[in-house]
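# Turn this into a model:
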Amino acid sequence: MYIRKTVRRYKDKTYVNYLLVESVLTDKGPRQKVICSLGDLSPRPPQQWLALARKLQDALTGQLSLPGMADEDPELQQLKYLLPVPTPPPGNVTTTTTTTSPDHLVSVHIDRVSYETPRPAGHIHVGREFWKRLGLDDILTSLGFSPYLVSLTCAMTLNRLIHPAAEYAMPDWIRSTAMTDILGVDFARLADDPLYRNLDRLHPHRATIESALAEREQSLFNLGNTILLYDLTSTYFEGKAALIPKAKRGYSRDHRPDCKQVVVGLVIGREGFPRAHEIFEGNTQDRQTLATMLDLLEQRVGLPEGSTIVVDRGMAFPENIAELRRRQLHYVVAAPQNERDRLLAEFETADGFEEVVRQPSPRNPGQKKSSVRVKAHPSDNETLILCISHERVEKDRAIRAKQEGRFLKDLAKVQARIQNGRLKNDVKIGEAIGRLKERYPRVARYHSLTFDAKTRQLKNEPDEDKREVAASLDGSYLLRTDRQDLSAEEGWRIYASLRRAENACRCMKSPLAERPIFHHLEHRVESHIFLCVLAYHLLVAIETTLLRQEIHTSWATLRDLLATHKIATIVLPTDRDGVLGIRRSATPEPDHRVLYEALGVPTEIIRPVKTWERNQLNSD
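The predicted structure follows:
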């Protein structure tokens with residue numbers, strides 16, 4: 001508040017008046033509001049007007065004063081009759097004042113003020129802002145989703161991102177957070193049935209949403225689309241999954257061969273953003289999925305000629321290489337391990353190798369630097385890249401030792417069955433030997449198994465020469481590419497980026513809880529996995545935004561930190577037979593502000609919402 005002088009002329013006379021005014025923020029900008037007229041104030045010099053205005057403000061708000069200050073000012077005592085509301089008595093120490101609007105003031109009983117219904121909000125606020133930034137509201141609206149269903153889909157996706165839960169448990173989690181405040185939708189009576197039905201609505205639109213997302217992300221983050229990384233993972237079911245045709249037993253990456261599963265193929269760009277995904281039957285081999293994924297990529301996001309496809313050795317088969325060439329696509333693939341044998345001499349010599357230093361991950365400061373030696377070797381229409389990693393030597397030896405231990409244990413069981421007479425038929429014995437070689441192909445080639453029908457003995461003669469060759473190749477692997485413009489280091493770095501696809505599959509399984517699956521209908525299984533993909537779009541967009549500002553914070557760390565920023569209701573009992581409630585977000589802490597500013601989201605989560613409840617007994 002401050003004092004403003006006004007001058008008025010009437011019939012050749014000049015009248016001076018002084019007004020106590022307050023600056024008020026309105027929709028049209030700041031405006032001056034007159035509190036009261038103070039007369040001419042002639043006894044007081046202008047230098048003391050500001051002090052007088054502050055004393056008047058204290059009197060208006062009921063602020064108590066120290067001895068010798070406002071309450072003992074004789075001039076203030078003369079002006080008190082002009083004030084619009086009475087000044088509280090000096091002895092009242094249980095009340096203070098607050099405003100419900102610029103037009104009036106209320107007195108509040110400070111000893112009865114309470115803090116109610118605090119809800120974690122920071123992580124939901126960030127997820128919601130990136131949901132809008134990726135244009136998902138507009139995408140779903142264009143597909144015919146009502147505003148409520150758009151908000152419901154957003155809530156389900158944020159649940160996957162923050163605290164994954166099954167649909168029957170999701171309503172309780174939504175109500176335990178500030179989701180209602182941020183989305184502006186009342187979820188107080190939300191049950192699980194609408195969530196299941198929303199999965200049904202999403203199912204036919206998965207490809208359209210994925211295509212629109214890829215286009216939006218490419219323009220928003222300036223992404224390239226010339227290098228595509230393809231990897232697969234499996235997700236298992238709890239239960240029989242009898243009504244799900246794609247649920248079958250196969251090679252389980254989750255170490256759950258007892259459960260049925262589906263195989264999920266995921267293509268991401270080099271920067272880590274998903275491009276397309278597809279769900280295959282649980283017993284599908286990796287090599288059988290490449291052509292299907294290429295067709296889906298071409299339909300959904302486009303597949304320009306000359307793009308480079310990066311896959312692991314599980315798909316590096318002649319028919320897939322031929323398919324890539326037919327589509328005029330380049331490739332960088334890992335060759336099968338047995339192809340190293342014919343290049344043993346090239347691996348043993350140090351000529352032509354260059355050392356590539358691999359920097360530790362910024363998210364793991366304790367990780368040591370590592371190095372890989374690489375060398376390019378021309379072969380027909382391809383370039384072979386020989387790679388030797390000293391860190392992989394011990395790993396390869398441990399894997400081979402473990403496999404060999406299991407092989408010898410199972411071999412001893414077959415020998416015992418023959419000796420005990422439980423395995424007599426020569427054909428059956430041959431089949432048992434064949435199964436051993438098929439089960440342990442990595443180490444069975446180092447052993448020569450022969451069965452003597454006369455002595456009924458199964459002999460094992462280790463091939464030490466082959467074992468020495470294998471030991472000399474520990475830590476080495478071979479890459480193949482048809483690109484002639486790549487150096488050995490560039491080819492290796494492109495292949496090493498495949499880890500981002502592997503990491504995407506791991507993220508969908510663990511933080512986003514893609515597994516296990518409890519649904520009993522195939523279309524809901526596919527919608528469940530699609531929700532995990534949507535959540536991963538948000539996750540990688542958030543992390544990429546931070547990485548581009550040299551902030552190496554994972555989503556898990558970010559999520560836990562932002563969960564401490566909450567929205568709550570401040571309940572203010574007033575002297576007007578009513579209670580004023582103000583629902584607002586807490587003042588963000590410095591760590592919250594740093595992250596909000598880096599992510600480009602507002603520091604204020606919601607605008608304060610004021611509610612007034614009158615005392616029903618007194619109002620009657």
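# Please count neighbours and contacts with C-alpha atoms only from this point.
OK.
# Leu386 - that's part of a strand, no?
Yes - applying DSSP: H, G, I helix; E, B strand; the rest coil, one finds Leu386 inside a strand.
# wait, doesn't it sit right on Phe347?
Yes - contact status for Leu386 versus Phe347: in contact at 7.2 Å, counting by CA atoms under 8 Å.
# neighbouring contacts of stretch 337-357?
Here stretch 337-357 makes contact (CA atoms under 8 Å, 6 or more residues apart in numbering) with 369-376, 386, 469, 473, 477-478, 489.
# Please look at Leu19 and Gln32 and confirm they touch.
No - with contact defined as CA under 8 Å, Leu19 and Gln32 do not form a contacting pair (10.8 Å).
# for the spatially closest residue to His377 that is not a sequence neighbour, what are its contacts?
Take His377 and drop its neighbours on the chain: the residue closest to it by CA to CA, 6 or more residues apart in numbering is Leu384, 4.9 Å away. Counting by CA under 8 Å, 6+ apart, Leu384 makes contact with Ala376, His377, Pro378, Leu478, Leu479, Arg480, Thr481.
# Let me see the domain layout of the chain.
Using automatic domain parsing, the domain ranges for the chain come out as 2-84, 223-390+475-520, 392-472.
# which of those domains is buried the deepest?
Of the domains of the chain, the one with the most neighbours on average (mean count of other CA atoms under 10 Å) is domain 223-390+475-520, at a mean of 18.
# Mind checking the pLDDT average for it?
pLDDT averaged over domain 223-390+475-520 equals 87, rounded to a whole number.
# tell me the centre residue of the protein?
Centroid-nearest residue in the chain: Leu539, 2.3 Å away (criterion: CA atoms, centre = their mean).
# Mind listing what's buried along the helix or strand encompassing that one?
In this structure, Leu539 sits in helix 522-547 according to DSSP states H and E. Of the residues in helix 522-547, those buried by neighbour count under the rule 16 or more other CA atoms under 10 Å are 524-544, 546.
# So which other helices or strands are in contact with it?
Packed against helix 522-547 by the contact rule (3 or more CA pairs under 8 Å, 6 or more residues apart in numbering; DSSP states H and E) you find helix 122-133, helix 147-162, helix 193-202, strand 274-281, helix 498-509, helix 555-562, helix 590-599.
# What strands flank the fourth one, and is each parallel or antiparallel?
So that's strand 274-281. Taking DSSP bridges as the criterion, strand 274-281 sits next to strand 261-269 (antiparallel) in its sheet.
# what's in contact with the strand it pairs with?
Outside of strand 261-269, the residues within contact range by CA under 8 Å, 6+ apart are 224-225, 227-237, 246-250, 252, 274-284, 289, 293, 501, 505.
# change it to 7 Å
Strand 261-269 has contacts (CA atoms under 7 Å, 6 or more residues apart in numbering) with 225, 227-237, 246-249, 274-282, 501.
# what angle do it and helix 498-509 make?
Angle, strand 261-269 to helix 498-509, by axes from the mean of the first three to the mean of the last three CA atoms, to 10 degrees: 130 degrees.
# end-to-end on stretch 173-183?
Using CA to CA, to the nearest Å, the end-to-end distance of stretch 173-183 comes out at 15 Å.
# got the contact list for that stretch?
By CA under 7 Å, 6+ apart, stretch 173-183 touches Arg119, Pro120, Ala121, Ile124, His125, Ser151, Asp186, Phe187, Ala188, Ile567, Ile606.
# Now neighbour count too, for those, in a markdown table please.
Formatted as a markdown table, those follow (neighbours: other CA atoms under 10 Å):
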| residue | neighbour count |
| --- | --- |
| Arg119 | 20 |
| Pro120 | 20 |
| Ala121 | 25 |
| Ile124 | 24 |
| His125 | 27 |
| Ser151 | 20 |
| Asp186 | 12 |
| Phe187 | 16 |
| Ala188 | 11 |
| Ile567 | 25 |
| Ile606 | 18 |
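# which one of these sits closest to Ala334?
Within the set of the contacts of stretch 173-183, Ile124 lies nearest Ala334; the separation is 40.6 Å, counting by CA to CA.
# check contacts around the closest one.
Residues touching Ile124, when contacts are defined by CA under 7 Å, 6+ apart, comprise Leu158, Met179.
# before we move on, what about Arg189?
Contacts of Arg189 by CA under 7 Å, 6+ apart: none found.
# What helices and strands are in contact with the helix or strand harbouring Arg8?
In this assignment (DSSP H and E), Arg8 forms part of strand 2-10. Judged by 3 or more CA pairs under 7 Å, 6 or more residues apart in numbering; DSSP states H and E, the packing partners of strand 2-10 are strand 13-26, helix 49-61.
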